[in-house]
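Enquirer: Okay, here's the prediction I keep looking at, along with the sequence it came from:
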Amino acid sequence: MIKLIHFSDTHFCRPFDLISQEDFSVRCAELKNSFSHMMSYINENEINIALVAGDLFDAKTISSDTLSFIKNSLASCPHCRFFISPGDADPYGETSPYACVSWPPNVHIFKSAVPEQVHIDELNCDIYGVAVTSSTSFSEPTDTPEPFSVNRTNILVIHGETEKKRDPVYCFSEKDLRESDFDYIAMGHHHNISSSDFGHKYNYCGCFSGHGFEECGEKGALLVLIDNGNVSVKKLKFSSHSYLNISVDISEVSTYGNTDTAIARLIDEKLGEALEKRSKIESVSVCASLTGNISERLCYDIHAINKLVENSDKIIIKDNTVITPVSPLLSAMKAGITEEARVRGCEDLAERAMRIITSQLHAIRKER
Ligand SMILES: [Mn+2]
């Protein structure tokens with residue numbers, strides 16, 4: 001049986017979405033810890049092969065310390081062979097760390113757009129891969145590579161796209177991937193995992209760990225077992241931190257009494273529910289989005305609310321409410337601004353203008 005780990009898009013040294021600047025070193029340490037967990041898993045479970053489907057690091061920002069950490073990590077699994085297909089964030093080129101520094105002997109780096117084949121005779125297996133290079137242009141349609149010998153287990157690792165987009169990666173049709181003779185195709189580039197049921201023989205494993213609020217939910221790697229042509233795939237999670245978006249409807253909050261406290265309580269409730277659904281409480285960064293239609297009379301202060309919520313150091317609050325004025329004057333103003341904003345093609349202007357107007361009204365009311 002061949003035991004594989006398929007991961008991609010670790011994006012070491014890519015900036016994180018941060019709640020506060022102090023979180024930066026914490027996020028970096030967590031990512032490294034998660035990576036080390038995966039290395040322990042590889043050793044403990046005697047994984048034969050690790051397929052790294054691109055974007056291991058961000059070449060523009062990678063530090064020499066982190067590069068050493070990555071190399072030492074891979075070297076700490078001497079019985080596992082790592083196959084790296086560089087992606088658009090870490091393309092292969094003369095000046096790339098893939099070419100300029102020495103890598104451990106158990107690491108193979110694909111270097112060109114022409115598929116390269118590596119035999120692993122003890123596993124009766126061939127690994128194929130291509131690199132995104134510094135000269136790869138966007139969505140360059142390439143023939144899907146095909147394996148040379150069908151009586152071996154054939155695996156392809158690639159950083160590519162199945163939908164036409166303007167990214168400098170290889171583009172393949174899903175149909176070609178589905179119909180190819182590979183036993184397994186390890187894809188990287190999409191930061192979301194491709195499917196929950198793993199019905200395909202090609203999969204995107206999703207990014208290894210989220211770097212921001214666009215990358216929420218369970219992240220990690222895929223464990224792929226290939227036994228006599230039968231392929232089974234299972235999700236693995238190594239990251240201890242995740243990003244979480246919650247939406248908090250404040251349209252029912254009374255305009256009387258302490259509105260900040262009432263809204264803070266709603267956020268606490270929503271976050272409690274969201275965290276309860278998780279298997280274990282872990283480190284989270286939360287973006288709480290206030291939603292709903294509210295009247296101009298609802299007065300609240302985002303900064304004050306942020307101080308009142310239970311996990312204030314883990315939460316940022318965004319105001320996405322829509323002000324629906326009660327007063328005829330404000331209603332008419334909003335309608336006028338909305339129409340003007342539509343004509344000028346800046347749709348969000350009306351909502352921003354309403355926020356400025358209502359906050360001025362609240363300030364005036366307070367002064368009285
Ligand atoms: Mn990526």
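Expert: Thanks, I have it.

Enquirer: Please determine how far the spatially most central residue of the chain is located from the ion.
Expert: Against the mean C-alpha coordinate of the chain, by C-alpha atoms, centre = their mean, the closest residue is E215 at 3.5 Å. For E215, the distance to the ion equals 10 Å [C-beta to the ion, to the nearest Å]. Any C-beta I mention is one placed from the backbone N, CA and C, and that applies to glycine too.

Enquirer: repeat for L349
Expert: 33 Å.

Enquirer: In a helix, P325, correct?
Expert: No - P325 is assigned coil when assessed by DSSP: H, G, I helix; E, B strand; the rest coil, not a helix.

Enquirer: Tell me who's in contact with it.
Expert: With contacts defined as C-beta atoms under 8 Å, 6 or more residues apart in numbering, P325 is in contact with 295-296, 331, 333-334, 354.

Enquirer: As a markdown table, those with neighbour count and distance to R368 would be great.
Expert: Converted to a markdown table, the contacts of P325 look like this (neighbours: other C-beta atoms under 10 Å; distance: C-beta to C-beta, whole Å):
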| residue | neighbour count | distance to R368 |
| --- | --- | --- |
| S295 | 14 | 19 |
| E296 | 21 | 16 |
| S331 | 13 | 23 |
| M333 | 16 | 21 |
| K334 | 20 | 24 |
| M354 | 21 | 21 |
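
Enquirer: Below-threshold pLDDT in the stretch 151-300 of the chain: ranges please.
Expert: 195-197, 278-281 (pLDDT under 70).

Enquirer: Do a quick rundown of the helices in it.
Expert: In the stretch 151-300 of the chain, the helices defined using DSSP state H, counting those that start in this stretch lie at 174-179, 259-276.

Enquirer: In JSON lines: those helices, plus distance to S285 and mean neighbour count.
Expert: Output for these, formatted as JSON lines (distance: least, C-beta to C-beta, whole Å; neighbours: other C-beta atoms under 10 Å):
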{"stretch": "helix 174-179", "distance to S285": "33", "mean neighbour count": "13"}
{"stretch": "helix 259-276", "distance to S285": "12", "mean neighbour count": "17"}
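
Enquirer: Specify the helix with the largest residue count in this structure.
Expert: Ranked by residue count under DSSP state H, the longest helix found in the chain is helix 23-44.

Enquirer: Okay, buried residues for that one please.
Expert: By 16 or more other C-beta atoms under 10 Å, the buried positions in helix 23-44 come out as 23, 27-28, 30-32, 34-35, 37-39, 41-42.
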